[in-house]
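A.B. asks: my questions concern the predicted model and sequence given below.
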Amino acid sequence: MIDVHQYHRISESTHRIMNPLTPERLMLVGEICRLGSGSRILDLACGKGEMLCLFAARFGASGWGSISTRR
């Protein structure tokens, strides 16, 4: 039987960004996306909007977040 966790470690070992998403990795996402003061972000299922707030503070980007009200 295949160990799912071992498969995940092997198949995604070269990925720079993956869960858990640390603040440093989140900033790396912003850098890779070349966010700046003119950037606008749509964050679906944003929860409390933490990513949008961090990107606004760090890169000067603006955005809109939407949470699902369906359960």
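C.D. replies: Arrived safely.

A.B. asks: which SSE is immediately downstream of the least confident helix or strand in the chain by mean pLDDT?
C.D. replies: Across the helices and strands of the chain, mean pLDDT, DSSP states H and E gives its lowest value to helix 4-11, namely a mean of 75. Counting by DSSP states H and E, the next helix or strand C-terminal to helix 4-11 is helix 23-32.

A.B. asks: that next one - contacts with which helices or strands?
C.D. replies: Judged by 3 or more Cβ pairs under 8 Å, 6 or more residues apart in numbering; DSSP states H and E, the packing partners of helix 23-32 are helix 50-59. To be clear about C-beta, it is placed using only N, CA and C from the backbone, and glycine gets the same treatment.

A.B. asks: just how off-centre is the helix it packs on within its chain?
C.D. replies: 11 Å (Cα atoms, centre = their mean, to the nearest Å).

A.B. asks: change the start of the numbering to 285 and stick with it
C.D. replies: Sure thing, new numbering starts at 285, so read that last one as helix 334-343.

A.B. asks: buried sites along it?
C.D. replies: Of the residues in helix 334-343, 335, 336, 339, 340, 343 count as buried by neighbour count, 16 or more other Cβ atoms under 10 Å.

A.B. asks: just checking, next helix/strand downstream of that helix?
C.D. replies: Following helix 334-343 toward the C-terminus (DSSP H and E): strand 346-350.
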